[in-house]
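generate coordinates for the sequence data below:
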Amino acid sequence: MAERLDGTVALVTGASSGIGEATALVLAEHGASVALAARRGDRLAALSAKIRESGGSTLVLDVDLTDEQQARDAVERTVAEFGRLDTLVNNAGVMLLGPAVGAPIEEWQRMLQINLSGLLYCAHAALPHLLRAAENGPRRVADMVNVSSVAGRVARAGSAVYNATKHGVGAFSEALRQEVTGRHVRVSLIEPGAVATELAGHNRPEILATIRQQFGDAERLEAADIADAVHYIVSRPRRMAVNEMLVRPTEQSR
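Model prediction:
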């Protein structure tokens, strides 16, 4: 049985759309106060209003998490507002695909900054608070959920740097898990397959056409499916840790 999250506080990055938005909604529905972090403040405000209308508590954090100080401030503002931090969902990311030869270096830099640096900045700032929550929180356990991808398991032509960032997230998550699991901070990695979100839409038109051709009419996951998986991870009893979860659409073979 899932445990309620009443009295706990979650910080969700990339909360302005897709998986982040859906995750914030489901965590709030199950009792957590939720800090919403992203760069699109108007969307965060709309999401915050929706959660508050249902009786939830939120904090809007209009921040660029690729800036270390802004990432640190986001964590500290969350703790200042709600008094603690029990759950960090590192969801913010970008997927810019295409051949490595001739690729715009700016796309590589952007993926490194958001997918790796932003995640690391948030993790570093949150860890002391998560450790404290595991010691004296209402559930006596804390969670960091790092959102990776199937691309963090399988390298493919056309996604070299995206693969590199997501493999990096996986390696960091497992090493960190080994360091803090004995103190009841659970570090979990979730690896979605194809999800119907805005993620692919940031690609160049010719790359986007290739992506559409690759997946054709196959039914993709919805953001709510991954949010449900995140909720499953963080709502387990203290004795149980879900270290890694790979979630593909039924029709996706690899």
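
quick check: mean pLDDT of the strand ranked longest in the chain?
For the chain, the strand that runs over the most residues, judged by DSSP state E, is strand 185-192. Computed over strand 185-192, the mean pLDDT rounds to 98.

parallel or antiparallel, which strands does that strand pair with?
Sheet pairing here is set by DSSP bridges, and for strand 185-192 it gives strand 142-147 (parallel), strand 244-247 (parallel).

of all the residues in it, which ones are buried?
Under the neighbour-count criterion of 16 or more other Cβ atoms under 10 Å, strand 185-192 has 185, 186, 187, 188, 189, 190, 191, 192 buried. Where you see a C-beta, it was placed from the backbone N, CA and C, and this is true even at glycine.

residue 66 contacts residue 118, correct?
Yes. Using Cβ atoms under 8 Å, residue 66 is in contact with residue 118, at 5.0 Å.

tell me how many other residues crowd residue 230.
Residues near residue 230, counting by other Cβ atoms under 10 Å, number 28.

who has more neighbours, residue 66 and residue 118?
Using other Cβ under 10 Å as the criterion, residue 66 and residue 118 rank with residue 118 on top: 26 against 19.

show me the strands in this structure, by range?
Using DSSP E, strands in the chain cover 9-13, 33-38, 58-62, 87-90, 142-147, 185-192, 244-247.

looking at this structure, which helix or strand does the model trust least?
helix 205-215 (a mean of 70; mean pLDDT, DSSP states H and E).

turn the buried residues of strand 185-192 into TSV, columns for distance to residue 227.
Listed next are the buried residues of strand 185-192 as TSV, based on distance: Cβ to Cβ, whole Å:
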residue	distance to residue 227
185	21
186	18
187	19
188	14
189	16
190	10
191	15
192	11
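
looking at the residues you listed, which is nearest residue 54?
residue 190 (24.6 Å; Cβ to Cβ).

mind listing what that closest one touches?
145, 146, 147, 148, 226, 229, 230, 233, 244, 245, 247 (Cβ atoms under 8 Å, 6 or more residues apart in numbering).

same question, residue 56
Neighbours of residue 56 in contact, by Cβ under 8 Å, 6+ apart: 28, 29, 33, 34.

and the residue most central in space within the chain, its phi and psi?
Computing the C-alpha centroid of the chain and ranking residues by Cα atoms, centre = their mean puts residue 91 first, at 1.8 Å. Per-residue torsions, residue 91: phi -110, psi -20 (degrees, to the nearest 10).

what's the pLDDT at it?
The predicted local confidence for residue 91 is 97.

nearest spatial neighbour of residue 126, skipping sequence neighbours?
residue 88 (4.5 Å; Cβ to Cβ, 6 or more residues apart in numbering).

what does residue 167 give?
Nearest one to residue 167, counting by Cβ to Cβ, 6+ apart, is residue 152 at 5.3 Å.
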